[in-house]
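# The sequence and its predicted three-dimensional model are supplied below.
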Amino acid sequence: MPFYVTTPIYYVNAAPHLGHAYTTIAADVMARHHRQRGEEVFFLTGTDEHGEPVADAAHALGLEPQELADRNAERFRALAPRIGASNDFFIRTTDPQHEAKVQEVLSQVRDNGYVYEGTYEGWYCPRCADFKAENEIDEGNRCPIHHIELTREQEENYFFRLSAFQAPLEQLYAEREDFVMPRTRYNEALSFIRTGLRDVPLTRHKLTWGVPVPWDPEHVFYVWFDALLNYYSALSYAREGEDLTAQLWPASYHLIAKDILRFHTVYWPALLMAAEIDLPEHVFVHGYLLMEGEKMSKSLGNVLDPFAVIERFGADALRFYLLREVPFGQDGSVSTSSFELRYESELANELGNLASRTIGMLDRYRDGAVPAAALDPALAEDFAGLPERVAAHVDRAELTLALEQIWQRVKRLNRYVEEQAPWRLAKEPERAQELDRVLASLVEGLRSVTVLLWPYLPTSAERLLAALGAPELGLSSAQLGAGEVRRVSAIDSLFPKDPPAAGA
Ligand SMILES: [Zn+2]
């Protein structure tokens, strides 16, 4: 089974911020975990570049929209490597191959009878590039997201017959309770569907910055439909000279934040049904990272600066913190103070110390050679079935629960050191065999958790596994006893306390 995971494509009008990093990191953890399982994995991210807000921002700067898109897309392309993301492709909706695919699929939707001409009138937020339904408008005719006044717009459009998919969508939700996850988001999407679906504009007439409608060049496609189709179009040209669609579609997971829930859980499946394309397996809706009660937002600014964190503590620390601090799928608070607390108490004290102590004791007591001793059955019991448990959580995008499973064993290994007190055994030559067993068990436990931590802490895990001389990353090698550490070598502190700022 191949595994295909996507992030939303990020709107080029914003600068990359913590919210973008969060979704991309989560998708990366899933992609890396599935690669560990030996599956064919494809991980897609990219940028959404059309629509009124980009055109407006470009004109305000005296630029063509394409120039602004080119400039800003680069910042998002650069985000992935900075946070350690291993995406297989970076799509831009201004890619000509994407545009051609949008035209092809939406022409199919029209040929299938789901497009008609009409007049749309409604309240419109130019920042959202979206019309608002009556029940979504804040007091004073304001956008609930941007708090700006909405404008009354009327235009001649082609419409997508969304209403035709009311019953098919209800059936989809009845048959596939994990189509939208977690459950609260499934309920939210289903109740929106049940309030009754109205047809929506598929095209915009007055705009030119978009994919031209092939049957009426006076129009461009509405940016949301153009954007959603990236998940599908990318497969047709991501790999030079190959079309991966048959191999990789449908997507396994679309990861999104809840502000784009309706587009992904209602419009998107309806559009795919209209085009007779298979539906994705899961849409997983993660929560917001909250700072002082305000959600992370491209418009409202942020406080915990991911780039400052990376510069000082490394990308691994940011990845770990975000997935450890806030249960993935729920809203939760983040702050620079809780970051520093977790960095010190967990990464430095629990994992970092475990690694340096284990390697240090092997070095001191056995000259770095790992004794050939049977593993301690008490420890083996605590590790039994661990990779399977982690995999079961990741299968449901429960990335924080998976990490908790692993971290409990990190803590277990630290307790094991305290219980066994190898430094006391080392003073009693007649207990050398006991010491052999403790050291062999400890280093094998460390290796096992490190393999499982690789999706979360790729750089640190690879460094540590190299020091253990056991670079295998496959999930089956994470089983306690599956590895063979023969000799360890010294390693610099994985998570130094109070690291200097870069360049200092
Ligand atoms: Zn808005």
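Arrived safely.
# where does Asp492 fall, helix, sheet strand or coil?
coil (DSSP: H, G, I helix; E, B strand; the rest coil).
# Report the separation between it and the ion.
Asp492 sits 48 Å away from the ion, going by Cβ to the ion, to the nearest Å. No exception for glycine: its C-beta is placed from N, CA and C like everyone else's.
# ok, that residue - contacts?
Residues near Asp492 by Cβ atoms under 8 Å, 6 or more residues apart in numbering: none.
# could you redo the last one with a cut-off of 10 Å?
Residues counted as contacts of Asp492 (Cβ atoms under 10 Å, 6 or more residues apart in numbering) are 356, 463, 467.
# and if you look at Arg424?
431, 435.
# coming back round to it: out of the contacts of Asp492, which are inside helices?
Of the positions in the contacts of Asp492, 356, 463, 467 sit in helices, assigned by DSSP state H.
# How about stretch 364-374, which residues are buried there?
Across stretch 364-374, burial judged by 16 or more other Cβ atoms under 10 Å covers 365-366, 370-371, 373.
# Flag every residue of the stretch 1-150 of the chain that's near the ion.
Contact residues (Cβ under 5 Å from the ion) of the stretch 1-150 of the chain with the ion: 125, 127-128, 143, 145-146.
# ok, and the most crowded of those?
Greatest neighbour count in these, by other Cβ atoms under 10 Å, goes to Cys125: 24 neighbours.
# Assess the claim that that residue and Gly51 are in contact.
No: counting by Cβ atoms under 10 Å, Cys125 does not reach Gly51; the two are 11.8 Å apart.
# Can you give me the end-to-end span of stretch 466-478?
In stretch 466-478, first residue to last residue: 15 Å (Cα to Cα, to the nearest Å).
# mean confidence score for it?
Here stretch 466-478 scores 97 as its mean pLDDT.
# Likewise for stretch 226-239?
The model assigns stretch 226-239 a mean pLDDT of 98.
# which one among the ones in helices among the contacts of Asp492 gets closest to Ser86?
If you rank those by distance to Ser86 using Cβ to Cβ, Arg463 comes first, at 16.7 Å.
# quick one, what contacts the closest one?
When contacts are counted by Cβ under 10 Å, 6+ apart, Arg463 touches 316, 355, 450, 457, 491-492, 494.
# now swap in Asp382 and tell me
Asp382 is in contact with 376, 408-409, 412-413, 415-416, 445, 480, counting by Cβ under 10 Å, 6+ apart.
# Nearest to the ion among the residues you listed?
Here the nearest of the contacts of Asp382 to the ion, counting by Cβ to the ion, is Gln408; it sits at 42.7 Å.
# mind checking the SS state of that closest one?
The assignment at Gln408 comes out as helix when based on three-state DSSP.
# That one and Val390, how far apart?
Distance of Gln408 to Val390, computed by Cβ to Cβ, to the nearest Å: 11 Å.
# okay, these two: which has more neighbours?
Ranked by neighbour count (other Cβ under 10 Å), Gln408 and Val390 place Val390 first, with 25 against 13.
# re earlier: drop anything exposed from the contacts of Arg463.
Buried, going by 16+ other Cβ under 10 Å: 316, 355, 450, 457, 491, 494, out of those.
# And the third one, which helix or strand is it part of?
Spelled out, that is Thr450. Here Thr450 is covered by helix 432-453, with elements defined by DSSP states H and E.
# Give the buried residues for that helix.
435-453.
# For the nearest residue to Ala440 once chain neighbours are set aside, give me phi and psi.
Spatial nearest neighbour of Ala440, chain neighbours left out: Ala373 (4.2 Å); criterion: Cβ to Cβ, 6 or more residues apart in numbering. Torsion angles at Ala373 (phi, psi; degrees, to the nearest 10) stand at phi -130, psi 150.
# Look up how far the ion lies from Ala373.
Here Ala373 is placed at a distance of 64 Å from the ion (Cβ to the ion).
# Val485 is in contact with that residue, correct?
No: here Ala373 does not reach Val485: they are 11.9 Å apart, not a contact under Cβ under 10 Å.
# Now for those two: what residues contact both?
Common neighbours of Ala373 and Val485 (Cβ under 10 Å, 6+ apart) are 440, 444.
# what separates stretch 15-31 from the chain centre, distance-wise?
Chain-centre distance of stretch 15-31: 5 Å, with Cα atoms, centre = their mean, to the nearest Å.
# Using PDB, write out every CA atom in that stretch.
Presented in PDB, the C-alpha positions along stretch 15-31 are these (Å, rounded to 0.1, in the frame of the first residue of the first chain):
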ATOM      1  CA  ALA A  15       5.000  35.000   5.200                       C
ATOM      2  CA  PRO A  16       5.700  31.500   6.500                       C
ATOM      3  CA  HIS A  17       4.800  31.200  10.200                       C
ATOM      4  CA  LEU A  18       4.400  28.700  13.000                       C
ATOM      5  CA  GLY A  19       1.000  27.400  11.700                       C
ATOM      6  CA  HIS A  20       2.600  26.500   8.300                       C
ATOM      7  CA  ALA A  21       5.600  24.800  10.000                       C
ATOM      8  CA  TYR A  22       3.200  22.900  12.300                       C
ATOM      9  CA  THR A  23       1.200  21.200   9.500                       C
ATOM     10  CA  THR A  24       4.300  20.500   7.400                       C
ATOM     11  CA  ILE A  25       6.100  19.000  10.400                       C
ATOM     12  CA  ALA A  26       3.100  16.700  11.200                       C
ATOM     13  CA  ALA A  27       2.900  15.600   7.500                       C
ATOM     14  CA  ASP A  28       6.700  14.900   7.600                       C
ATOM     15  CA  VAL A  29       6.400  12.700  10.700                       C
ATOM     16  CA  MET A  30       3.800  10.700   9.000                       C
ATOM     17  CA  ALA A  31       5.700  10.400   5.800                       C
END
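# Let me know the pLDDT of the residue nearest to Ala440.
So, for Ala373, pLDDT stands at 95.
# residues contacting it?
Taking Cβ under 10 Å, 6+ apart, one finds 433-441, 444 in contact with Ala373.
# so where do the helices sit in the stretch 51-200 of the chain?
52-60, 65-82, 96-111, 166-175, 183-194 (DSSP state H, counting those that start in this stretch).
# would you list the ones you listed in TSV and tack on mean pLDDT?
Putting the helices of the stretch 51-200 of the chain into TSV (pLDDT from 0 to 100) gives the following:
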stretch	mean pLDDT
helix 52-60	90
helix 65-82	95
helix 96-111	98
helix 166-175	98
helix 183-194	97
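# Can you tell me which of those helices is nearest to Met1?
Taking the helices of the stretch 51-200 of the chain one by one with Cβ to Cβ, helix 166-175 is closest: 20.0 Å.
# mind listing what's buried in that closest one?
For helix 166-175, a neighbour-count test (16+ other Cβ under 10 Å) marks 166, 169, 172-173 as buried.
# Which of those residues sits closest to Glu188?
Comparing these against Glu188 with Cβ to Cβ places Tyr173 closest, at 11.4 Å.
# quick one: the closest one and Glu188 touch, right?
No: counting by Cβ under 10 Å, Tyr173 does not reach Glu188; the two are 11.4 Å apart.
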